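Engineer: A predicted structure for the sequence below; I have some questions about it.
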Amino acid sequence: MRTGKGEHGKPYPLTEDDRDDSAYRENGFNILVSNNIALERSLPDIRHPNCKHKVYLEKLPNTSIIIPFHNEGWTSLLRTIYSIINRTPDILIAEIILVDDFSDREHLKEKLEEYMARFTKVRIVRTKKREGLIRTRLLGASMAKGEVLTFLDSHCEVNVNWLPPLLNQIALNHKTIVCPMIDVIDHNHFGYEAQAGDAMRGAFDWEMYYKRIPIPPELQRSDPSDPFESPVMAGGLFAVDREWFWELGGYDPGLEIWGGEQYEISFKVWMCGGGMFDVPCSRVGHIYRKYVPYKVPSGTSLARNLKRVAETWMDEFAEYVYQRRPEYRHLSTGDISAQKELRKHLKCKDFKWFMAAVAWDVPKYYPPVEPPPAAWGEIRNVAANLCVDSKHGATGTELRLDICVKDGSERTWSHEQGSVLQAADCYFGCC
Ligand code: LR7
Ligand code: MN
């Protein structure tokens, strides 16, 4: 029955002025539009019609809803909270934990505390320094009391009856991670709609880009509204049994700021005795940004996170990634011994099993490129404990013995069968 701009998830009628870049700068989406539509706006119920007739267990576990945020817009954050409060059975919410990752915007300080005082279930916790979204989620999870942990981004709108289908799947088997269908809230006009191609599941290519590929016919159910297996999640929106999450070691806390964690948790849950499902009857809208608005501390890189995950979980398949991204070979991952130990302790299956049993359709879309038969490494004079190194000299590139440096790319050599010796990279003009 609601009327007004943006109601029923309709696009806000934008004027030329509304499109000015200044409206996007702070959030990567149009904050003026967000400010001009109702915090409690209505959304279209775009679930599969069968969802209206599904029955769920009478007794479902309750959940802590954990929302990390860094410099989130005021109305986009509030709309996330209102949508949860309005569209979730109160009895299922143990608490809503807002975790501030060291934001510096004024509206996220006392003003937020004062506003949230009206919601008895909302708690605000704050990191003491910029941690990035992974450790920020971990902080929220460490304080959570609910039986299930549900993670959301700070610019979402949950849709009709989004939570019970997720909790139901976990109640049936607690070693399950579940994800809602992620709908698109347009970053210009805030129109709400399904992503292109609804019958898709999560995948990745060998550069470790997240991809969606069609659900293979073998996995399609007679009822398309039933949950289906998903090899990897998008990252931000999922629910997991709290105890199972910690049994899995939570996230690797060595992952910095942004990215890679979706692979870590996905590989881990599958390889270590659990499973992951997408649940079509649960739908949550997410604002996909136009660009990343926040600063990323220098020295952190997505590449490092990805290599950390590849080294811990992907076994010989990591080579396919390095084949695509040769620059990863020499990147330092930091210490991953605790992650390797966890993998052993949990008696996890190997990545080959994961590819064969779970992600078997991925290579059909993203065939890995076999690396040439080659040896990689340093050339060391053991007596002097010095390594062959390439340097620019007066006559071009010269080879000399020099101190051996771990991860020094110019000192790593590859040798293909039958070919001449090559330096691993074209750094410093030496190929
Ligand atoms: O330093 C930071 N600290 C934070 O607390 C950076 C971000 N954050 C917060 C931020 O406020 C937001 O709530 O962390 C959350 C995710 O950050 P976004 O919104 O900038 O990330 P994203 O939506 O662009 O990216 C997706 O991939 C991320 C890294 O792998 C996370 O897993 C996000 O949760 C994830 N988002 C989704 O899965 C929603 C669907 C989009 C897709 C794909
Ligand atoms: Mn997001």
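Structural biologist: Nice, I can see it. Ligands and ions are numbered 1, 2, ... in the order given.
Engineer: Distance check, residue 351 against residue 181.
Structural biologist: According to CB to CB, to the nearest Å, residue 351 and residue 181 sit 27 Å apart. Backbone N, C-alpha and C define where each C-beta goes, glycine included.
Engineer: which of those two has more neighbours?
Structural biologist: residue 181 (22 against 19; other CB atoms under 10 Å).
Engineer: Touching, that one and residue 199? I think so.
Structural biologist: No: the pair residue 181 / residue 199 is not scored as a contact, 10.2 Å apart, by CB atoms under 8 Å.
Engineer: count of neighbours near the residue nearest to residue 191 when sequence neighbours are not counted?
Structural biologist: Distances taken as CB to CB, 6 or more residues apart in numbering place residue 11 nearest to residue 191, at 3.5 Å, with adjacent residues excluded. Using other CB under 10 Å, residue 11 has 15 neighbouring residues.
Engineer: Up against ligand 1, what does the stretch 251-400 of the chain have?
Structural biologist: With the criterion set to CB under 6 Å from any ligand atom, the stretch 251-400 of the chain comes near ligand 1 through 257-259, 261-262, 286, 288-289.
Engineer: shouldn't residue 276 be in contact with residue 175?
Structural biologist: No: if you go by CB under 8 Å, residue 276 and residue 175 don't touch, sitting 10.0 Å apart.
Engineer: ok, residue 87 - contacts?
Structural biologist: By CB atoms under 8 Å, 6 or more residues apart in numbering, the residues touching residue 87 are 158-162.
Engineer: Format those residues as TSV; extra columns: secondary structure.
Structural biologist: Output for the contacts of residue 87, formatted as TSV (DSSP: H, G, I helix; E, B strand; the rest coil):
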residue	secondary structure
158	strand
159	coil
160	coil
161	coil
162	coil
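Engineer: From the residues you listed, pick the one nearest residue 135.
Structural biologist: residue 158 (24.6 Å; CB to CB).
Engineer: Verify the stated contact: that closest one with residue 88.
Structural biologist: Yes: the criterion here is CB under 8 Å, and residue 158 meets it with residue 88 at 7.0 Å.
Engineer: Do you have the strands of the stretch 151-300 of the chain handy? List them.
Structural biologist: In the stretch 151-300 of the chain, the strands defined using DSSP state E, counting those that start in this stretch lie at 156-158, 176-185, 192-193, 200-204, 210-214, 228-229, 238-241, 275-287.
Engineer: ok, and what's touching the fifth one?
Structural biologist: Translated: strand 210-214. By CB under 8 Å, 6+ apart, the list of residues contacting strand 210-214 from outside reads 195, 197, 199-205, 232, 234-235, 262, 361-362, 365-366.
Engineer: which regions of the chain lie under the pLDDT threshold?
Structural biologist: 374-376, 406-431 (pLDDT under 70).
Engineer: hey, which helix is longest across it?
Structural biologist: Longest helix in the chain, counting residues (DSSP state H): helix 74-87.
Engineer: Any idea how far it is from the middle of the chain?
Structural biologist: Offset of helix 74-87 from its chain centre (CA atoms, centre = their mean, to the nearest Å): 21 Å.
Engineer: From residue 327, how far out is residue 402?
Structural biologist: From residue 402 to residue 327 the distance is 22 Å (CB to CB).
Engineer: and what of residue 192?
Structural biologist: 39 Å.
Engineer: likewise residue 260?
Structural biologist: From residue 260 over to residue 327 the distance is 16 Å, taken as CB to CB.
Engineer: and if you look at residue 1?
Structural biologist: Distance, residue 1 to residue 327, by CB to CB: 56 Å.
Engineer: So these two - more neighbours on which side?
Structural biologist: residue 327 (12 against 4).
Engineer: Next, that one: secondary structure please.
Structural biologist: Looking at residue 327 with three-state DSSP, the answer is helix.
Engineer: Between the strands of the stretch 151-300 of the chain, which one is closest to residue 142.
Structural biologist: The nearest among these, by CB to CB, is strand 238-241 at 14.0 Å.
Engineer: can you give me how far the helix or strand hosting residue 308 is from the chain middle?
Structural biologist: Per DSSP states H and E, residue 308 falls inside helix 302-313. Taking the mean of its C-alpha atoms, helix 302-313 sits 13 Å from the chain's own mean (CA atoms, centre = their mean).
Engineer: So which of the residues of the stretch 251-400 of the chain next to ligand 1 sit within helices?
Structural biologist: 261-262.
Engineer: which among the residues of the stretch 251-400 of the chain next to ligand 1 gets closest to residue 153?
Structural biologist: Nearest to residue 153 among these: residue 286, at 5.9 Å, using CB to CB.
Engineer: Roughly how far does residue 211 sit from ligand 1?
Structural biologist: Counting by CB to the nearest ligand atom, to the nearest Å, the gap from residue 211 to ligand 1 is 10 Å.
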